[in-house]
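In: Structure for the following, please:
(chains A and B)
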Amino acid sequence: DSGVTQTPKHLITATGQRVTLRCSPRSGDLSVYWYQQSLDQGLQFLIQYYNGEERAKGNILERFSAQQFPDLHSELNLSSLELGDSALYFCASSTTGGIAGAYNEQFFGPGTRLTVL
Amino acid sequence: AQSVTQLGSHVSVSEGALVLLRCNYSSSVPPYLFWYVQYPNQGLQLLLKYTTGATLVKGINGFEAEFKKSETSFHLTKPSAHMSDAAEYFCAVTMSGASKIIFGSGTRLSIRP
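Out: Numbering: from 1, shown residues only, chains lettered A, B, ... in the order given. Take a look at the predicted model:
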């Protein structure tokens, strides 16, 4: 158990809908990262938040957004869903947010499997 | 830019045989390299990592990997496969101060009885 929790475990919805995925980082971790794992794209970094602020952006679609709340939990919002958005969405957390000269080990949650029908 | 290539999307070995999963990376700066394992319906678990120092790194469950700068490789090995090693393995790269980790496409390891 990594200490990172994600809810829900599974989500089934229809095209055009909007969903929210939730992540609670390990106790004391300030950074949250979101990744998408799909069959055709593999594992891709979406976005990072550090202590409530966006720190880095990856291959995140404009239909997707995220935020990190004062209690450090994070939500990933996916809107206008398409069939191709079906994937496993992982959240990871680390102690810090990317410091020059340091590696911040990321601990991954179990993921949320999203199925868009 | 950084990238990772994993050779072989599926590797099958007999129980007790040597496991060798191949990973080559591309990086214009000194890389940090990782191997993660993903068991069915679970998240990613860090097996081992190379940041600096000794190029042969040992991880959990008897796995080890060697960083070879001249070959830009970071292959994962285990002397004797166990049935419980069946999983998906991901090689990944990042660099000092970076936020994102770049993952390879993964290698599914199957173990034959």
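
In: Please work out how many residues are found near B:Pro113.
Out: Close neighbours of B:Pro113, defined as other C-beta atoms under 10 Å in any protein chain shown, add up to 5. From N, CA and C alone the C-beta is placed, and that goes for glycine too.

In: contacting residues around it?
Out: Going by C-beta atoms under 8 Å, 6 or more residues apart in numbering or on different chains, B:Pro113 touches B:Ser14, B:Glu15, B:Met83.

In: now do B:Met95
Out: By C-beta under 8 Å, 6+ apart, the contact list for B:Met95 reads B:Gln2, B:Ser27, B:Val29, B:Pro30, B:Pro31, B:Tyr32.

In: Mind checking which of those residues are buried?
Out: Using 16 or more other C-beta atoms under 10 Å in any protein chain shown as the burial test, the contacts of B:Met95 include B:Gln2, B:Ser27, B:Pro31, B:Tyr32 as buried.

In: What sits closest to the third one if chain neighbours are left out?
Out: Spatial nearest neighbour of B:Pro31, excluding adjacent residues (C-beta to C-beta, 6 or more residues apart in numbering or on different chains): B:Val93 at 4.9 Å.

In: Which secondary structure state does that neighbour sit in?
Out: The three-state label given to B:Val93 by DSSP: H, G, I helix; E, B strand; the rest coil is strand.

In: isn't there a helix covering B:Asn61?
Out: Yes. Counting by three-state DSSP, one finds B:Asn61 located in a helix.

In: And it, how far from B:Gly53?
Out: For B:Asn61, the distance to B:Gly53 (C-beta to C-beta, to the nearest Å) stands at 22 Å.

In: These two - which one has more neighbours?
Out: Per other C-beta under 10 Å, whichever of B:Asn61 and B:Gly53 has more neighbours is B:Asn61, with 13 against 7.

In: so that one sits right up against B:Ala86, yeah?
Out: No. Using C-beta atoms under 8 Å, B:Asn61 makes no contact with B:Ala86, being 11.9 Å away.

In: Could you pull up phi and psi at the closest residue to B:Gly16 other than its chain neighbours?
Out: Nearest residue to B:Gly16, sequence neighbours excluded (C-beta to C-beta, 6+ apart): B:Ser80, at 5.2 Å. Dihedral pair for B:Ser80: phi -140, psi 110, per degrees, to the nearest 10.
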